[in-house]
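Trainee: Dropping the sequence and predicted coords here.
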Amino acid sequence: MADSNQVDPPEGSTTLPREVFERIFDLYAVLDGKSRILQLHGAIFSRTSVDPSPLSGQQFSETVYWQTSENNSRMIAASIVDALRGKSVKTVLDFRISAKEHIPIELSFVPGSEPDNKARVYVFGEAVTVERTKNEQASIDGDRLLSAADNAEIGLWFWDFTNNRIFSTPRCNELLGLPPYGTISHEALLNAVHPDDREYVDEFLRESRASGTKYEEEFRVVYPDNSVDWISVEGKSTLGGSDTATEMMGIIRKVTDEKRAATELAKVYDREKRARDEAVEANRAKDFFLAFVSHELRAPLNAILGWSKILLTKKVDDETRKNALETIERSARIQAKLINDLVDSARVASGKLRLEYRPTNLFDLIHGSCQAHSPAADARNIDLKFTSEEKEVVVFGDANRLQQVFGNIIANAIKFTPDGGKVHVSMRVEDKHAITDVVDNGRGISPEVMPNIFRQFSQGGPAANKNSAGLGLGLSIAKVLAERHGGVISAESEGSEKGSKFTVSLPLTKPSAATMTESSAEIQSTLYALKDRFVMVVEDDPDSREVLQLFLEGHGAKVKTATDGLSARKLLADTSNGLPDIIISDLAMPEEDGYTLLSNIRALDAKHGGMIPAIALSAFATAESRERAFRAGFQKYLTKPYEPDSLIAEIQGLVSVINENGVH
């Protein structure tokens, strides 16, 4: 009796040991070269309502078992064609158990042949159970996850504490600088870590193992080529029933670029924060500057306006008038110094401070500075004295600016020394440097103020600012000027009310006979009088013009005035009075300014005044204004408010050239 689950092969075909295949496969079939069924049997047919016995000779793809989908027949036909061409094919299709039940089956189509060289296709089928499907899907999903992690350059690892074994992906090993398929041990892991981070890594791993806590840490690893990368690890230990960790798993990835970006971002943040803080500080400093400067400029102005009003509206005795005029002069000088300090500070800030270097006898300069400050010291009964081991101490520098350095320091010492105090200025030569100390027994400098003593607007703290006139620019300017001469300025103090000591060190230079002769000639030149000198004053402001005219006439000069460049040239064209010996001109004037005036005069020949020496007298204190004036033809440039003695000296110096040469 024939087996109901077997299709007997046609006559002449070869019978295969089906019992062997039935134990292995749920479906087994043999097809000829035209896709017809030669054999068809298997345990799966016991579950169907259709007997496979009558199907011999039919097309395998058209049997009722595959009528669950049109796609099934096409897939089977295509797979048979591939197998007949010598290619093994595997596919999963729905197998019809009944009208209501289908199961997935995996079919393998394998090419073959019989001894008679007739083509055959062997079909092996295996039902896909739910458990197998889940396992296979889990395997597929796992492979996908591993591939995704690898593509993302993330390593995975698992530590089995029971067997003390660590399983890891090749990417994990690579990130640790270990062989891709090698086994990782706890010791190998720590050896891969940077020596400075090993203790820290071992500690957080032990802590997670002991408590089951999650960890998320970063550390450095050192590769065989000694390069270093930052690594981030995240994971957690799993605790067993007795609260003992049984395993630990985690991920590992390189974060060097992130650390570098974070570092750069932190730098950018710091720069932006500094810029923001500097902007806030600049605004605060600007507000402070405006309020401070306004206060300091108004204080002497009040005295000037107050005494001027009294002198104009009231009759006062000679003593009161003398006191009033002295106060006005003193207040005006204070204002002039404040303005000069502001201008110098601006020049320093813009890098446009110009110095005229020449050999200078520091002894004469400091001695003169002490003499200039003696009246202020005497008025408060302050003992101001100067001592020096040498009387010929020559440095290479700008005499006016060096005078400013020592003048500021000496004035500062007098200002902060109480009435009846002492200020001692001493100079000595050490190691090719002139060392000058200015020591006082005054207010002193507190430790918290000392670091800022040479900063702008610093006067030794709030208390000093409150009681002392000035902008607090003197010491900051002195420091810059000393450094521009290759020197150093420093301050010392034992604290408040313990006095202070300022030291200036300047490099020496050897004096030459020519220099000393030149200095003597310059001193001698200041002895020339203005008597009978013809001076043309060009000034548009009537008050300034009148004051300057009276001042020059008081020194014996003959003065003619003009209100602008046009009127000045008309005066110059009138030769009835002869040519002026010198021209003193403002720069900013209506109709024709001072620059244009001098350019036009310099275009004339000597006979018509083209060689008359000229001094620019202007409120403009910029380097650009000075250079423009020199290009126009001025020989000297003085800023308003001018120092009367300086103006006389400049006039004497220029007209002395006329005396020596006999020509304008």
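Mentor: That came in fine, so what should we check first? Nothing here was measured: the structure is a model prediction, and the numbers come from that model.
Trainee: Low-confidence stretches in the stretch 351-500 of the chain?
Mentor: Within the stretch 351-500 of the chain, the ranges that satisfy pLDDT under 70 run 351-353, 456-472.
Trainee: contacting residues around Arg533?
Mentor: Contacts for Arg533 (C-beta atoms under 8 Å, 6 or more residues apart in numbering) come out as 556-558, 581-582, 651, 655. (Glycine included, C-beta is placed from N, CA and C.)
Trainee: State the distance from the closest residue to Thr417 other than its chain neighbours to Ala377.
Mentor: Counting by C-beta to C-beta, 6 or more residues apart in numbering, Gly442 is the residue found nearest to Thr417 once chain neighbours are left out, at 3.5 Å. Distance, Gly442 to Ala377, using C-beta to C-beta, to the nearest Å: 12 Å.
Trainee: Which strands and helices lie in contact with the lengthiest helix in the chain?
Mentor: Longest helix in the chain, counting residues (DSSP state H): helix 256-313. Helix 256-313 sits against strand 228-239, helix 318-350, with contacts defined as 3 or more C-beta pairs under 8 Å, 6 or more residues apart in numbering; DSSP states H and E.
Trainee: returning to what we had before: how much space between the residue nearest to Thr417 and Gln549?
Mentor: Distance of Gly442 to Gln549, computed by C-beta to C-beta: 44 Å.
Trainee: Between these two, which has more neighbouring residues?
Mentor: Counted by other C-beta atoms under 10 Å, Gly442 and Gln549 do not tie: Gly442 has more neighbours, with 23 against 17.
Trainee: Next up, the contacts around the residue nearest to Thr417.
Mentor: Residues near Gly442 by C-beta under 8 Å, 6+ apart: 413, 416-418, 421, 499-500.
Trainee: ok so, going back, pick the most buried one from the helices and strands packed on helix 256-313.
Mentor: Ranked by mean neighbour count, the helices and strands packed on helix 256-313 are led by strand 228-239 with a mean of 17 (mean count of other C-beta atoms under 10 Å).
Trainee: which helices and strands does it pack with?
Mentor: Packing contacts for strand 228-239, counted by 3+ C-beta pairs under 8 Å, 6+ apart, involve helix 198-211, strand 214-222, strand 245-254, helix 256-313.
Trainee: Apply 6 Å and report the result again.
Mentor: Contact analysis of strand 228-239 by 3 or more C-beta pairs under 6 Å, 6 or more residues apart in numbering; DSSP states H and E lists strand 214-222, strand 245-254, helix 256-313 as its packing neighbours.
Trainee: quick one: that strand to strand 245-254, angle?
Mentor: Here strand 228-239 runs at an angle of 160 degrees relative to strand 245-254 (axes from the mean of the first three to the mean of the last three C-alpha atoms, to 10 degrees).
Trainee: Next, the angle from strand 228-239 to strand 214-222.
Mentor: Put simply, strand 228-239 runs at 150 degrees to strand 214-222, going by the same axes, to 10 degrees.
Trainee: Show me how far strand 228-239 is from its chain's centre.
Mentor: Remark: strand 228-239 is offset 35 Å from the chain centroid, using C-alpha atoms, centre = their mean, to the nearest Å.
Trainee: ok, it: who's next to it in the sheet?
Mentor: Sheet pairing for strand 228-239, assigned by DSSP bridges, gives strand 214-222 (antiparallel), strand 245-254 (antiparallel).
Trainee: Now that strand - C-alpha only, CSV.
Mentor: Output in CSV follows, covering the C-alpha atoms of strand 228-239 (Å, rounded to 0.1, in the frame of the first residue of the first chain):
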residue,chain,number,x,y,z
VAL,A,228,46.1,60.2,23.2
ASP,A,229,42.3,60.3,22.8
TRP,A,230,39.4,61.2,25.1
ILE,A,231,36.9,58.3,25.6
SER,A,232,33.4,58.4,27.0
VAL,A,233,31.9,55.3,28.7
GLU,A,234,28.3,54.8,29.8
GLY,A,235,26.8,51.7,31.5
LYS,A,236,25.5,50.0,34.5
SER,A,237,26.0,46.9,36.7
THR,A,238,23.2,44.4,37.2
LEU,A,239,22.6,43.1,40.8
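Trainee: can you list the residues that contact it?
Mentor: Here strand 228-239 makes contact (C-beta atoms under 6 Å, 6 or more residues apart in numbering) with 208-209, 212, 214, 216-222, 245-256, 259.
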